[in-house]
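Okay, sequence plus prediction incoming.
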Amino acid sequence: MKKILSIAVVGTLSISLLYAGSAPKKYPKGEVGKMVKLGEDIALHTNTHPLTKDYVGNKLKCANCHLKGEDGKPGTAGSISSWLDTATGFPAWSKREKSVQTLQDRSNNCFMRSMNGKRLPVDSKASIAIAVYITWLSEGKPIKMSRKGPWGPTNAAIWPKGIKHFKPLFKKVTHANYLNGKRLYGQKCAPCHGINGQGVGTFPPLWGKNAKGEWLSYNTGAGMSKLPKGATWIQLKMPSGQERTLSDAEAVDITLYVNAQERADFDLQKALSPSSKIGIYNSNVLKEKHSVRSNFKVLGLDIDKIRGDHKIK
């Protein structure tokens, strides 16, 4: 059953969220049910699953952002990044790609960005299974294709407002905010994500490389690398078990510190190649590049002044 909940986030970000409830109680029968289960398994083990590991370029899983709800299934946690009504918004307009995107487009593109890898072939078993799982979570809910962005109704109510809210706050930050973010990260985040962002146990890495020189986390094309988006997600979902306890200033400073650390650049052309293995890329934007420096510059911020050094490209 759907419920409307009004949640007042610390600070001035107040949003009415359309909670979609929980996953259906039973898997579908037959081959559809098998695909639902496969999609769920991929979401839980994306970087090690045999069907997706070769398309992932870091140590992340879908479930690291699309968190488990009380039923233990990826993407069923309420609020931001919930999958519980995502499929109802597709096909949807995407400003980034300047095209109407399918649900598979949306999830496959995430492999290039959050997974720092290659886009899944749209007709691959893995791509279909992920879409089937997400669609199963939306069963019984009304379809209303999104004209504003590639989200279901829950996320459509959160992302744009969060970005609008946090964007002007980031334009005012200084080196002092970075230092405070480092302090807060050590207190509130490092116990789960590691003092060097390397991740701890089942908790995901947030930046940097491992001893083999492999990137651990999302690249600079991912939504979490964009400062206003990152702060929106962090304030609503972190720290784990203490969600929505961070003030605006704390969310800004922690996000500033985390996203000022070293991570892989994003180059759309490199992420798409070789095109023969991914099929047609449904986008009217074929050139796109981002770095830590450019993600800060877009808000008028100088990464050298923010960090107090010159280590970031």
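Received it, and whenever you're ready, just let me know what you need.

Grab the nearest non-local neighbour of Lys59.
Distances taken as CB to CB, 6 or more residues apart in numbering put Leu216 closest to Lys59, at 5.1 Å, once the chain neighbours are dropped. Heads up, the C-betas are built off the backbone N, CA and C, glycines and all.

show me what contacts that neighbour?
Asn58, Lys59, Gly197, Gln198, Gly199, Pro205, Leu206, Trp207, Gly208, Lys209, Asn210 (CB atoms under 8 Å, 6 or more residues apart in numbering).

I'd assumed Pro205 was in contact with the second one.
In this case it means Lys59. Yes. If you go by CB atoms under 8 Å, Lys59 and Pro205 touch, sitting 5.5 Å apart.

Can you pick out the residue with more neighbours from those two?
Between Lys59 and Pro205, counted using other CB atoms under 10 Å, the more crowded position is Pro205 (23 against 20).

That one: what secondary structure?
Classification of Pro205 using DSSP: H, G, I helix; E, B strand; the rest coil returns coil.

name the helices or strands packed onto the longest helix seen in the chain?
As assigned by DSSP state H, the longest helix anywhere in the chain is helix 30-44. In terms of contacts (3 or more CB pairs under 8 Å, 6 or more residues apart in numbering; DSSP states H and E), helix 30-44 is packed against helix 125-137.

Tell me the pLDDT of Pro274.
Predicted confidence (pLDDT) at Pro274: the value is 72.

Equivalent analysis for Ile312, please.
pLDDT, Ile312: 75.

Quickly find the element holding it.
Ile312 is part of no helix or strand when elements are defined by DSSP states H and E.

and it, how many neighbours?
For Ile312, the neighbour count with other CB under 10 Å is 16.

Same question for Ile163.
16.

How about the contacts made by it?
Pro228, Lys229, Thr232.

closest to Ala271 among these?
Set against Ala271, the nearest of those by CB to CB is Lys229 (18.9 Å).

Next SSE downstream of the strand or helix carrying that closest one?
Using DSSP H and E, Lys229 maps to helix 227-237. On the C-terminal side of helix 227-237, the closest following helix or strand by DSSP H and E is helix 248-259.

which outside residues touch that following helix?
By CB under 8 Å, 6+ apart, helix 248-259 touches 10-13, 165-166, 169-170, 173, 177-178, 180-182, 184-185, 188-189, 197, 206-207, 224-225, 227, 230-231, 234-235, 246, 292, 295, 306.
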